[in-house]
Structures are given as structure tokens and as C-alpha cells.
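>>> just to be clear, the model below is a prediction. Sequence and coordinates:
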Amino acid sequence: MSKPGRSQEPERHLEASGPRTGGSQAPLAGGHTGGRAGGRATGWPPGGSRVPRGSRPRRTTESGEPGTPRRGRVRAWPAAGHRGRGRTATERVEAATLEEGMRLRVIFLILMGVILAVAASDVLTGAVGVLRETRARPLTPAEQARYIQEEIASRWHTWSADLIFPTELQYVALGRAQQYARRVGLAPETSCRAGLDAPVGSVLAEHGCLTLLRATYVDQTSTFVVTVGVAVLGSEERRSAATGQLPVDDRVGVRPVAFPGTAGELFGAAQRQRNSWIAAGPYVVLSTAGYADGRTREAIPPEEILHSELWPTAQSIAGRIARALGDEPSAVPQCTQGNVC
């Protein structure tokens, strides 16, 4: 039977709502324990009651001062640290690679700049040189002399056969009479050793004789026959050295060339009466003369040869050919590009 004036509902409510943990409660924030051993729970808050979050008492330190609630210590996941260290090492490698690439690129750009600068300098220097060489300017005396020498030295293959050996040649005979000789044949081009007697051909060949050109003439009365040979040396210096060693013998020289069916068909080695040569630039013009009737050297008395027109005719023909080959050109350029500087 209950006491009057006191309700039992709160107690039943507390008993019904309190947690059952086998007859005991967990320690509360104040350090007290509550349970049903003595009937009613002691301490605050009572067992089974709900305390609002903001009203829970704060923890106190050992000195009795309130402190912050203890929080659990969070430990880092081991794999996260390893990944972080891996990322850092990768970044360092990437940075080193990038730095090396930039350094190599700078070196490459420097080298390319140097190469381009050198190439540009060479191109500029070449362009200036070409402009200097191609622009018109007056020829120096040395250049004009070289032009003359080169032009004369090239005549043996730039001139036609009719210019070297004209079909008719005028000459002055005894008594200063104007006469002419006509060409009866052109011999094939040959070597100096093959077209000259050995004492003469060997000397010219040693000094660089390039070739030998030959033609045969007869005078206007068809009495005398003359074979003229043009030995081509490489330069005037070589020709001068060669002629200084030629033998002084009128029995040797250019070998005669006979042409059947002409007035000179009987002219051979035995019919030669005299031989001679004339120098003209890089050329040695040789001549040999005889009679068209086939008389040999032994058949003619020496005094007759001395008083004959044979030898003057041969010298005149050879002299005309030598002068034409060795004369200076009529027009010499005054400038590098013609006559306008």
C-alpha cells in the first residue's frame, strides 16, 4: 500500500528506462557508479536518465581545473606515407630530367647559333667575293698579258685548219717579187716523236710537246715542195727550254709528207735539201724543202742550193705561218667584262 501524497510513477519510469547491464551501471562522468543494489541510484545523473549534450560536465585535469575532452589519437595509414615518399622521389626524378633536358636544349641552341653564324659569315664572304669578281673592273697589265698568252696558246685547236695552214700564202721571192704558194694536202695530227726526226722529236717530247700538225705546199711554178710542221708545246716557257736544246743540223727536222696526185707526190726523206725551225709563242714551226722532180740531196751540188730560190721560199712559207700563230690578238679586252668598266 503506498504512502499517501507520493506518487510511484517516477520510480517505475526510471526503472523501466534505465539500462540493464547485469545489475550494475558504467561509471558516470563524475566518477560515481549507480545501480540498484541499495534500491535507488546515487550520484548525478541518475541511472537511466538522459543528459543533454551541452550540459555534460567537462573533464578536469589532475589539478582540478576543467580540461578539454580527450580525443582518440589518429594514426596514419602506412601505405599513405609510402605513397607520399614515392611521389616525392618521382617528382625529384622528373625535376632532374626536366632540368637536364633544358640544359641540353640550351647547349643545342647555342651550338646551332654558332653554326648558323659561321655559315652566314661564309655566305656573306662568298657573296662579297663573287660581287668583287663579277663586277666590271679594268684589267691589270699582268692580266692582259696572261689573256694574250692564253689566247695564242689555244689557237692550235680553236682555229680551223685553213687559218693555221691557209690554202694560199703570199711571200716575197728573190728580187722582191710577190709570189704565192698553194697547199696540196693536210697530214693527220700526230705525235712529235712520230712526225719529227729522232734528234728533234725526243727533245720536244721531253719538254711536253702535245701534238704535231703538218701540211705540204708547192710554189706557183710547182718547182719547190715545202712541208711545214707546227709542234705545240704547253707554254712559251716550255718552248723556250726545248728550242735551247735542239740540234744545229739542217739535215734533221720535220719529216716530209707526200700527197699522191699532186706536185708533191715525189717528196720524201731522200728529197729533203734543208731543214729549219722558227719559234712563235708556245709553238715551234719547222720546215723542210726539196724539189718537186724528186732530186735527192746528194744529186744537188752545194753551191746550187746556196744560190737557189728553194730555201728563201721555204723560209717565207714557214715564217708566214709562224707569225700568224704567234701574233698578238688585234683586240684585247680592257675590262673584266669587255671594254666597259
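Sure thing, it's come through.

>>> what segments of the chain are helices?
Using DSSP state H, the helices found in the chain span residues 9-17, 78-134, 141-153, 155-158, 161-164, 192-195, 198-206, 236-243, 302-306, 310-326.

>>> comparing the ones you listed, which comes out most buried?
helix 310-326 (a mean of 21; mean count of other CB atoms under 10 Å). Bear in mind the C-beta positions are built from the backbone N, C-alpha and C, glycine included.

>>> C-alpha coordinates for it, PDB please?
These are the backbone C-alpha positions of helix 310-326, laid out as PDB (Å, rounded to 0.1, in the frame of the first residue of the first chain):
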ATOM      1  CA  LEU A 310     114.400  27.000-152.700                       C
ATOM      2  CA  TRP A 311     115.500  28.000-149.300                       C
ATOM      3  CA  PRO A 312     114.100  31.500-149.300                       C
ATOM      4  CA  THR A 313     110.700  30.100-150.400                       C
ATOM      5  CA  ALA A 314     110.700  27.600-147.600                       C
ATOM      6  CA  GLN A 315     111.600  30.200-145.000                       C
ATOM      7  CA  SER A 316     108.900  32.600-146.300                       C
ATOM      8  CA  ILE A 317     106.200  30.000-146.100                       C
ATOM      9  CA  ALA A 318     107.100  28.800-142.600                       C
ATOM     10  CA  GLY A 319     107.600  32.400-141.400                       C
ATOM     11  CA  ARG A 320     104.100  33.400-142.600                       C
ATOM     12  CA  ILE A 321     102.500  30.500-140.700                       C
ATOM     13  CA  ALA A 322     104.600  31.200-137.500                       C
ATOM     14  CA  ARG A 323     103.700  34.900-137.500                       C
ATOM     15  CA  ALA A 324     100.000  34.200-137.800                       C
ATOM     16  CA  LEU A 325     100.100  31.800-134.900                       C
ATOM     17  CA  GLY A 326     102.300  34.000-132.600                       C
END
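
>>> which strands and helices lie in contact with that helix?
Contacts defined by 3 or more CB pairs under 8 Å, 6 or more residues apart in numbering; DSSP states H and E place helix 310-326 against helix 161-164, strand 168-172, strand 178-190, strand 224-232, strand 272-280, strand 283-291.

>>> rounded mean pLDDT for the last one, please.
Taken as a whole, strand 283-291 has an average pLDDT of 96.
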